[in-house]
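1. Predicted model and sequence follow; I will ask about them next.
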Amino acid sequence: MHFFFGAMLVMSALIRRHRCFFLFTALGLFGFAALRYDFGNDYGNYYRCFLEIRQMGENPFATEVLYTALNRVLPHFYWLIVLSSLAFVGGVCALIRKNVPPEWMWLSFAVLLINPYLFLVNLSAIRQSLALVCFLCAVPFAWRRKPLAYCLLMLMACGFHNSSIVLLPVYFVVNGHPVSRRATVFIALGTAGLLVLAKGLHQMLDATLLTLQLTRYRHVLGDGLHNSLRATLLSSVSFFYLLWNMPRLRGRTLVYAKLWLIGSVLSVLAFRVSMLTRLEMYFDIFSIVAFPRMLARPRRDETLPGFLNNVVFPAAILLILLLRYDSFFHNPMWESFCTYRTILGA
């Protein structure tokens, strides 16, 4: 698997020479995703639920009507794997193709693959990855100020995973309004305040779950789990990098950086409530386009702050992703990702 990811990164580096390598990279990732068997933490659970829905009449996803419909219509569970893989890989590759210059696409694929929570975990989280694809399709409509299309796609997302209802207000974030330096200070202070006032954060999240009728997630909120201090400090590197650069960004780069910033805030707050990493998955995916677009901007600042911003911070972010990639495969929690199997050998 690691050799395959390396080969995909080499392939993506050749895109700047010929566009056909983008297609080869996309097809390679789709093949990896579509042929997987018993790979990932949730594979077995989804397979059992597929059998329950079709054979026993039980439905643990009764309120997620579109996902239920897929389980009833598709003749075999493997077709569900193929279809969800096509949707996820296709959506991600379309996001890269439309928003990243060819000479920087290698970085998009690098961030996608060396951050296991973007590619591998999304493959395992089938319902949420389908909801994520709806969100990817909805963001351009929000950017063009078409609220009806955005809301319809968000309703579709809810049909795959109820948690995506929280994405409805994101419509008001997806715009070209610049972020002032004062606003970044408020964001930093607000995030720090929520870290300090942990009880207030829990109460706010609990009230939100009740309002959105997502009561089945309240037990996750009360399980007391939280991210480690080490993970939080590493996450804060991207958080401060985004805050520092946000006032200078414009256009689509600004939009995608805003979405990535939301994910970074959730990652930091996960120090108090690990449940927030589930919502973070909806936003971190935009780092694969925001990060390359930020680095592709003309850079003429030769001062020490400029060097830190243009070289040190980006290098630190990539190093952190590599460290997380290594720790991911040494964490017993993700042991099911260590051995890649295909349906050809099943």
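-> Perfect, I can see it now.

2. Which strands or helices does the helix or strand where L148 lies pack on?
-> In this structure, L148 is located in helix 147-160 according to DSSP states H and E. Judged by 3 or more C-beta pairs under 8 Å, 6 or more residues apart in numbering; DSSP states H and E, the packing partners of helix 147-160 are helix 65-73, helix 126-143. All C-beta spots, glycine's among them, are computed from the backbone N, C-alpha and C.

3. Ok, which of these comes nearest V268?
-> Evaluated with C-beta to C-beta, the helices and strands packed on helix 147-160 place helix 126-143 nearest to V268, the distance being 20.8 Å.

4. for the closest one, what is the average pLDDT?
-> Averaging pLDDT along helix 126-143 gives 96.

5. Same question for stretch 321-339.
-> According to the model, stretch 321-339 has a mean pLDDT of 91.

6. do the same with stretch 12-21
-> In this model, stretch 12-21 carries a mean pLDDT of 91.

7. Could you work out the end-to-end span of it for me?
-> Chord length of stretch 12-21, first to last residue, is 6 Å (C-alpha to C-alpha, to the nearest Å).

8. Of all the residues in it, which ones are buried?
-> Of all the residues in stretch 12-21, those buried under the rule 16 or more other C-beta atoms under 10 Å are 12-15, 21.

9. What of stretch 291-310?
-> 291-294, 309-310.

10. For those residues, give me JSON lines that also has pLDDT.
-> As requested, the buried residues of stretch 291-310 are exported to JSON lines (pLDDT from 0 to 100):
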{"residue": "F291", "pLDDT": "97"}
{"residue": "P292", "pLDDT": "96"}
{"residue": "R293", "pLDDT": "95"}
{"residue": "M294", "pLDDT": "94"}
{"residue": "N309", "pLDDT": "85"}
{"residue": "N310", "pLDDT": "86"}
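
11. Which ones among the residues you listed lie within helices?
-> Under the assignment DSSP state H, those contribute 291-294 to helices.

12. if we can go back for a sec, okay if I get the buried residues of stretch 291-310 as JSON lines plus distance to Y37?
-> As requested, those are arranged in JSON lines below (distance: C-beta to C-beta, whole Å):
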{"residue": "F291", "distance to Y37": "32"}
{"residue": "P292", "distance to Y37": "33"}
{"residue": "R293", "distance to Y37": "36"}
{"residue": "M294", "distance to Y37": "38"}
{"residue": "N309", "distance to Y37": "44"}
{"residue": "N310", "distance to Y37": "44"}
